[in-house]
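Chemist: 3D, please:
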Amino acid sequence: MLKQLNLPEYSFRVTGKEGSWMIFDQLRRKYVKLTDEEWVRQNFAQYLIQEGGYPPGLMLLEGHYDRNRLKRRVDIVVHNREGKPVLIVECKSPDVEIDDYLVRDQAGEYNKFLKVPYVLFTNGIKHYAFKYHSDLEQYEYLMAIPRYTDLLI
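Modeler: Next up, the predicted model:
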């Protein structure tokens, strides 16, 4: 049973049977295993697209990046129109408790490689948004999730 999230409800194509459900990922254009974290990732991606005006063609789910021969996976990467990453989103299962201190520490870890100006964390229930000020090497807590047009200013 999938948990109710603190997001608007969206329609998804789901197939399979108990214990092996698959959800259609419109951005990757394929069915993926429906885990609790994937449920959050799919819903949050739809939230960004439908409520935040994020262009689907500039979003990458489960983006892989190499750093020092280590593979890193980012749940959601949003690019600007020049193809440069401007936002990363880390999704957790709704059962994973997240708080301001945890995400602030993890924001620095996740952003060491990409150095994007915006970092979001969500477990589908709580959402945290930060703006990274590279000149100060500090994160500013944002009161709201920015719209796509806000990222480009």
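Chemist: give me the most central residue, this protein.
Modeler: The centre of the chain sits closest to Val89, judged by C-alpha atoms, centre = their mean, with a distance of 2.8 Å.
Chemist: what's opposite it in the beta bridge?
Modeler: On the basis of DSSP bridges, Val89 is bridged to Ile76, Leu120.
Chemist: elements contacting the helix or strand bottoming out on mean pLDDT in the chain?
Modeler: Lowest by mean pLDDT, DSSP states H and E among the helices and strands of the chain is helix 100-114, with a mean of 71. With contacts taken as 3 or more C-beta pairs under 8 Å, 6 or more residues apart in numbering; DSSP states H and E, helix 100-114 sits against strand 59-67, strand 70-79, strand 85-91, strand 118-122, strand 127-133, strand 138-142. Bear in mind the C-beta positions are built from the backbone N, C-alpha and C, glycine included.
Chemist: could you dump those strands to JSON lines with mean pLDDT?
Modeler: Formatted as JSON lines, these follow (pLDDT from 0 to 100):
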{"stretch": "strand 59-67", "mean pLDDT": "78"}
{"stretch": "strand 70-79", "mean pLDDT": "84"}
{"stretch": "strand 85-91", "mean pLDDT": "92"}
{"stretch": "strand 118-122", "mean pLDDT": "93"}
{"stretch": "strand 127-133", "mean pLDDT": "92"}
{"stretch": "strand 138-142", "mean pLDDT": "89"}
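Chemist: need the ones you listed in CSV (columns: distance to Leu152).
Modeler: Below are those laid out as CSV (distance: least, C-beta to C-beta, whole Å):
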stretch, distance to Leu152
strand 59-67, 14
strand 70-79, 11
strand 85-91, 7
strand 118-122, 11
strand 127-133, 13
strand 138-142, 15
